[in-house]
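Peer 1: return atomic coordinates for the entry below.
(2 chains)
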Amino acid sequence: MRNPRKVVIGVFLVAIFFTSISVASIIKSSQDESFQAFTTGIECRAQGDIMPEPFDTDLVAPVTPTEGNELFCSLPGGIAPRPWDDTDDDDQSGD
Amino acid sequence: MLNFLLEYGTTIFHILNLIAWYLIYRKGRLLNINRLTVKYFIFFFLIVIVWNFFMIVSNRSPVVYIIFWAIFSIYELYFVLTVIFYLAKARKNYAELYIIIISILAIPIILSALLSYTNRSYSPINTSDFYNIILLMIGSILVLKSIINYPSFMDNIESFFIFSGFVLYFGLHILASNALSIDILKNFNFAKYATFISLIYWFGSVFFIWKIRSKHSS
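Peer 2: Numbers count the residues shown, from 1 in each chain, chains lettered A, B, ... in the order given. Prediction:
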């Protein structure tokens, strides 16, 4: 970083820009009263290790592993294989 | 056991990273900006560990989460901004502007924390966190670029690993947890895995640093 003045002014402008769009988006998102805003508002997606409890316990949005999820492959790979159930169906239909 | 690891794996890894990086800070001969970066990095882990402790004690209280999220987010911005100012040699000459910039950046964090609390919705902090992460990602890339161009790269090897880890951390968090990512990835657990991958990188880099340092000193 050769020119301190340029760096400081650049950082200042970026900070102003991001603060403006961030504040505008925060106010917009908090005023949105649609059902989608309600459901996404329940789910916390910010940083952190331990997920907080939802504010409203009637509708729990975060997806937690269930027995059904075992059917999905979550291992590395570009294209996910189909769930086992579908394969069984294909085998049966092939017969 | 597996459930415990899935739930508290990142918490345990934060403690392991804190110990490993504290040993680097104590045993290594760190100078100037490198020493400062490692010191701030240790505090970064310390805040998360205290945050996790209070989350467990308070039984995942949303209020505790929001308070610590705000502290942690402001600290992240303070960390990256301070390093940028030090690298630009502008910390002393532009002290007032430095404080003004931190104050400006803290506005959306405090506002979103208050709105989340009053509206009883995570939407404001999700939005604020998304913009913070983009900003921190840009800042980390800028720091990394400066460290690579520094005349004595070997003197700042710890800072290089810390900020390359931050680029990975913020990059994965953008993908894992926020608005621009594909819908299926918008989930707290994916963001947790993003943190876990970065923690593995930081923990592994301790061994690389130790190896590189010992090879250079002999």
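Peer 1: does the closest residue to chain A within chain B sit in a helix, a strand or a coil?
Peer 2: Among all residues of chain B, residue B:121 sits closest to chain A, at 3.2 Å; criterion: C-beta to the nearest C-beta. C-betas here are computed from N, CA, C, even on glycine. Classification of residue B:121 by DSSP: H, G, I helix; E, B strand; the rest coil places it in coil.
Peer 1: isn't it up against residue A:30?
Peer 2: Yes: with contact defined as C-beta atoms under 8 Å, residue B:121 reaches residue A:30; the gap is 7.1 Å.
Peer 1: neighbour-wise, which of those two wins?
Peer 2: residue B:121 (25 against 21; other C-beta atoms under 10 Å in any protein chain shown).
Peer 1: do you know how far residue A:3 is from chain B?
Peer 2: 8 Å (C-beta to the nearest C-beta, to the nearest Å).
Peer 1: chain B: helices as residue ranges?
Peer 2: B:2-27, B:32-57, B:62-87, B:95-119, B:123-149, B:157-177, B:188-217 (DSSP state H).
Peer 1: could I get the ones you listed as JSON lines with distance to residue A:20 and mean pLDDT?
Peer 2: Conversion of the helices of chain B to JSON lines gives the following (distance: least, C-beta to C-beta, whole Å; pLDDT from 0 to 100):
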{"stretch": "helix B:2-27", "distance to residue A:20": "33", "mean pLDDT": "86"}
{"stretch": "helix B:32-57", "distance to residue A:20": "27", "mean pLDDT": "91"}
{"stretch": "helix B:62-87", "distance to residue A:20": "16", "mean pLDDT": "92"}
{"stretch": "helix B:95-119", "distance to residue A:20": "9", "mean pLDDT": "91"}
{"stretch": "helix B:123-149", "distance to residue A:20": "10", "mean pLDDT": "89"}
{"stretch": "helix B:157-177", "distance to residue A:20": "20", "mean pLDDT": "88"}
{"stretch": "helix B:188-217", "distance to residue A:20": "25", "mean pLDDT": "84"}
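Peer 1: pLDDT weak spots in chain A?
Peer 2: Within chain A, the ranges that satisfy pLDDT under 70 run A:1-2, A:33-42, A:56-95.
Peer 1: grab the longest helix from it for me.
Peer 2: What stands out as the longest helix in chain A, according to DSSP H, is helix A:4-31.
Peer 1: circling back: would you format the helices of chain B as JSON lines with mean neighbour count and distance to chain A included?
Peer 2: Formatted as JSON lines, these follow (neighbours: other C-beta atoms under 10 Å in any protein chain shown; distance: least, C-beta to the nearest C-beta, whole Å):
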{"stretch": "helix B:2-27", "mean neighbour count": "15", "distance to chain A": "4"}
{"stretch": "helix B:32-57", "mean neighbour count": "18", "distance to chain A": "4"}
{"stretch": "helix B:62-87", "mean neighbour count": "20", "distance to chain A": "4"}
{"stretch": "helix B:95-119", "mean neighbour count": "18", "distance to chain A": "4"}
{"stretch": "helix B:123-149", "mean neighbour count": "22", "distance to chain A": "4"}
{"stretch": "helix B:157-177", "mean neighbour count": "22", "distance to chain A": "4"}
{"stretch": "helix B:188-217", "mean neighbour count": "17", "distance to chain A": "5"}
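Peer 1: what is in contact with residue B:121 and residue A:30 at once?
Peer 2: Common neighbours of residue B:121 and residue A:30, using C-beta atoms under 8 Å, 6 or more residues apart in numbering or on different chains, are residue B:115.
Peer 1: could you say what helices and strands the longest helix of chain A packs with?
Peer 2: Judged by 3 or more C-beta pairs under 8 Å, 6 or more residues apart in numbering or on different chains; DSSP states H and E, helix A:4-31 is in contact with helix B:62-87, helix B:95-119, helix B:123-149.
Peer 1: do that again at 6 Å, thanks
Peer 2: Judged by 3 or more C-beta pairs under 6 Å, 6 or more residues apart in numbering or on different chains; DSSP states H and E, the packing partners of helix A:4-31 are helix B:95-119, helix B:123-149.
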